[in-house]
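Asker: next input, structure requested:
(2 chains)
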Protein chains: 2
Amino acid sequence: MLKTPRTKLTRVPDRGHHDTETLYAILDEALIGHVGFVTKTGHPAVIPTLIARDGDTLLIHGSNASRTVRALRAGTEACIEVTHVDGIVLARSAFHHSMNYRSAILYGTLEQAPDKERALELFTEKLIPGRWEHVRWPNPKELKATEVLSLPLHEGSAKVRSGPPGDDEPDYELDTWAGVVPITATRGEPIPDPLLRAGIATPDHVRALTDR
Amino acid sequence: MLKTPRTKLTRVPDRGHHDTETLYAILDEALIGHVGFVTKTGHPAVIPTLIARDGDTLLIHGSNASRTVRALRAGTEACIEVTHVDGIVLARSAFHHSMNYRSAILYGTLEQAPDKERALELFTEKLIPGRWEHVRWPNPKELKATEVLSLPLHEGSAKVRSGPPGDDEPDYELDTWAGVVPITATRGEPIPDPLLRAGIATPDHVRALTDR
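Answerer: You can find the predicted model right below:
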């Protein structure tokens, strides 16, 4: 991953990573990315959107009518940020309280993805592995209404904090409890659509989504 | 909350909310916000950061040395986005697959918060209610190293999707399972700091953080 002045971590450089393995793992686990861009009138905008990685590109999609899609398709530069919150870090001092997290920040300009249907298959399979063969595939009207944009994964960096708090030496003598409360995104039991036809059992690819 | 052209939902207006009750509930449940701004050189930047609401303002904090803090303190306009991912929505058609989510997007210019120590108490108590009285409070050096910035909650909107998929009428006849797989941010058992002094039990305010 290209290192540039803006991807260099200046403050806590130990937390910085530029290897694709770390970066791609963060992207692949994330459902949502936060897409920042500058509007035509010069204002900042940030929009949450589904992401899916396709090799060395990151895909986003949206309605052709969306203002964000139209701005990005026109070649507006983007910054896409992805963050997993992994825990609350409780230190002995207020100052050293922190979060455990894994974040990625990517920069670049998006292009139209060449094969929209394949991209939509990637999105579906990322959200729910094994789903694509069970659903009604996009028709020409739906494909026309959808835009898929692709960011080359060229310039960016990851930042990771993990583990226990780091307190100032004298504070280790205090009676204060210190440690980490982990946070996980947990998937619960599938809730069938009230309009689901009778006799359709929850299939394996849906059961597999739920954490046990 | 002020309605402006950029806070008006053009595509799926039913999902839009401008009432402070909806918006503040989304902010209060979120640990992290995604702060977008335009850098001095005109590029978009998005940074994840802790947020805490103080009445009708949203606080963020960071090191005085941080590039983001310095840019925002100088009066750079910001867009702060907050999103909770509540579930994966499985439709009968690929096209109608979706996410359940609650998001907020806020616009404005941040100012230095007048009382840094009170703001740090708010951040600590937001992360861990009841924590402040147990920790070593910030000393003058730590307060000096920290900046707290405040965004007036004046212009913004929320967007919420919940409930089952919405399929096209003919697709309800398909044999495909449809419904929602809920996602929750779950807090696990506290992990004591390996350097915790012997004999310090997990206090109630830490136990209370863990979901049961």
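Asker: please count neighbours and contacts with C-alpha atoms only from this point.
Answerer: Fine.
Asker: skip the chain neighbours and tell me the closest residue to A:D171.
Answerer: A:R92 (6.3 Å; C-alpha to C-alpha, 6 or more residues apart in numbering or on different chains).
Asker: for the one you found, what are its contacts?
Answerer: A:D167, A:D171, A:Y172, A:L174, A:T176, A:W177, A:A178, B:V135, B:R136 (C-alpha atoms under 8 Å, 6 or more residues apart in numbering or on different chains).
Asker: that one and B:E133: what is the separation?
Answerer: 11 Å (C-alpha to C-alpha, to the nearest Å).
Asker: quick one: low-confidence parts of chain A?
Answerer: A:10-11, A:212 (pLDDT under 70).
Asker: now do the SS call for A:L143.
Answerer: helix (DSSP: H, G, I helix; E, B strand; the rest coil).
Asker: count the neighbours of A:Y172 for me.
Answerer: When neighbours are counted by other C-alpha atoms under 10 Å in any protein chain shown, A:Y172 registers 18.
Asker: A:E121 now?
Answerer: 17.
Asker: do the same with A:V180
Answerer: With other C-alpha under 10 Å as criterion, A:V180 counts 26.
Asker: quick one: contacts for A:R53?
Answerer: A:Y24, A:L27, A:D28, A:L59.
Asker: so what does the first one have for phi and psi?
Answerer: Backbone torsions for A:Y24, taken as degrees, to the nearest 10, come to phi -70, psi -30.
Asker: most neighbours among the contacts of A:R92, please name it.
Answerer: A:A178 (31 neighbours).
Asker: ok, and the closest non-adjacent residue to A:T210?
Answerer: A:T210 sits nearest to A:R187 (C-alpha to C-alpha, 6+ apart), 4.9 Å away.
Asker: hmm, the one you found is touching B:P182, no?
Answerer: Yes - under the criterion of C-alpha atoms under 8 Å, A:R187 makes contact with B:P182 at 5.6 Å.
Asker: okay, and the common contacts of those two?
Answerer: Joint contacts of A:R187 and B:P182 (C-alpha under 8 Å, 6+ apart) are B:G87.
Asker: show me what counts as buried in stretch A:174-192.
Answerer: For stretch A:174-192, the buried set under the neighbour-count rule, 16 or more other C-alpha atoms under 10 Å in any protein chain shown, comprises A:174-183, A:185-188, A:190-192.
Asker: which members of the residues you listed occur in strands, if any?
Answerer: Among those, the residues falling in strands (DSSP state E) are A:G179, A:V180, A:V181, A:P182, A:I183, A:A185, A:T186, A:R187, A:I191, A:P192.
Asker: now, among those, which is nearest to B:E142?
Answerer: Using C-alpha to C-alpha, A:G179 comes nearest to B:E142 of those, at 20.8 Å.
Asker: now do the contacts for that closest one.
Answerer: A:G179 neighbours (C-alpha under 8 Å, 6+ apart): A:V89, A:L90, A:A91, A:P164, A:P165, B:P190, B:I191, B:P192, B:D193, B:P194, B:L196.
Asker: need the contact list for the fifth one.
Answerer: In other words, A:P165. By C-alpha under 8 Å, 6+ apart, the neighbours of A:P165 are A:V89, A:L90, A:A91, A:H96, A:H97, A:S98, A:A178, A:G179, A:V180, B:D193.
Asker: returning to what we had before: and the contacts of A:G179 as CSV, adding distance to B:V148?
Answerer: Shown next, in CSV, are these (distance: C-alpha to C-alpha, whole Å):
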residue, distance to B:V148
A:V89, 20
A:L90, 20
A:A91, 20
A:P164, 25
A:P165, 22
B:P190, 28
B:I191, 29
B:P192, 29
B:D193, 28
B:P194, 31
B:L196, 30
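Asker: closest one of the residues you listed to B:E142?
Answerer: A:A91 (14.3 Å).
Asker: ok, the closest one touching A:D168?
Answerer: No - using C-alpha under 8 Å, A:A91 is not in contact with A:D168; the gap is 9.5 Å.
Asker: those two: who's more crowded?
Answerer: Neighbours were counted for A:A91 and for A:D168 using other C-alpha under 10 Å; A:A91 has more, 25 against 12.
Asker: so how far is B:P194 from the more buried one?
Answerer: For A:A91 relative to B:P194 (C-alpha to C-alpha), the value is 12 Å.
Asker: sheet partners, orientation included, of the longest strand along chain A?
Answerer: Secondary structure of chain A per DSSP E: the longest strand is strand A:77-90. The pairing partners recorded for strand A:77-90 under DSSP bridges are strand A:32-38 (antiparallel), strand A:98-109 (antiparallel), strand A:179-187 (antiparallel).
Asker: I'm done for today, thanks for sticking with me.
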